[in-house]
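Asks: Got a sequence here, can you model it:
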Amino acid sequence: MRADAARNLELVLATGARMLAADPAASITAIAAEAGVDRRTVYRRFASRDELLAAVYQARLDAIEAAIGAARLTEAPVAVALHRYVEGIIEVNRTWPVDLARMRTVPAARERREHAVRTVDAFLRRAADEGLLKPGMPDGWAGVVLGNLLHLAARELPALSTAQAADVLVNTFLSGFGAG
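Replies: Presented below is the predicted three-dimensional model:
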């Protein structure tokens with residue numbers, strides 16, 4: 001794919017994510033206009049809004065998987081990996097806002113998301129085993145709370161940089177779940 005075509009695709013997907021999160025009925029024409037590309041450019045790639053939405057989900061999941069990889073959840077020191085993960089996912093949530101309930105209805109997206117959740121849950125078990133998190137919390141609860149905090153931080157802390165929002169979120173999370 002040419003560099004300009006790749007940029008246009010990324011722009012259409014990010015614009016589509018934002019607009020479809022705000023209005024699930026947003027038209028491809030409106031998304032194209034907001035992205036600054038011709039609607040024919042979008043229609044050449046996506047025959048329908050549902051195809052565009054599926055591509056948005058895949059782009060979001062690609063970004064989540066990249067953030068998980070960059071955080072090095074299995075090998076980096078736990079506190080470092082937690083902050084890297086949180087910072088990466090706040091950026092994902094800001095760039096790729098989607099209706100998660102709707103995303104879960106797409107089988108391929110649901111499976112990839114569930115794999116990411118299992119990876120993070122394993123990391124949080126590691127964090128508890130290594131003493132960063134309190135022991136004895138209900139299984140999976142830390143992950144549920146962390147996931148909700150990540151969505152909340154992306155939405156409610158727009159004036160903060162991603163790193164600053166991550167600092168606030170990690171401090172909040174560790175205030176409730178931290179062992180120390």
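Asks: shouldn't residue 106 be in contact with residue 55?
Replies: No - proximity of residue 106 to residue 55 does not meet the contact threshold set by Cβ atoms under 8 Å, at 10.9 Å. (Glycine included, C-beta is placed from N, CA and C.)
Asks: Does residue 5 lie in a helix or a strand, and which?
Replies: Taking DSSP states H and E as the criterion, residue 5 maps to helix 3-22.
Asks: Then residue 120?
Replies: Assigned by DSSP H and E, residue 120 falls in helix 107-129.
Asks: between the next helix or strand after that helix and helix 107-129, how big is the angle?
Replies: Proceeding N to C from helix 107-129, the next assigned helix or strand is helix 141-156, under DSSP H and E. With axes from the mean of the first three to the mean of the last three Cα atoms, to 10 degrees as the basis, helix 141-156 and helix 107-129 are set at 110 degrees to each other.
Asks: mean confidence for helix 141-156?
Replies: Confidence over helix 141-156 (mean pLDDT, whole number) is 94.
Asks: Show me the contact partners of it.
Replies: Identification of contacts with helix 141-156 by Cβ atoms under 8 Å, 6 or more residues apart in numbering yields 86, 89-90, 93-94, 97, 100, 117, 120-121, 124, 127-128, 133, 165-166, 168-169, 172-173, 176-177.
Asks: what about 7 Å?
Replies: 86, 89-90, 93-94, 117, 120-121, 124, 133, 165, 168-169, 172-173, 177 (Cβ atoms under 7 Å, 6 or more residues apart in numbering).
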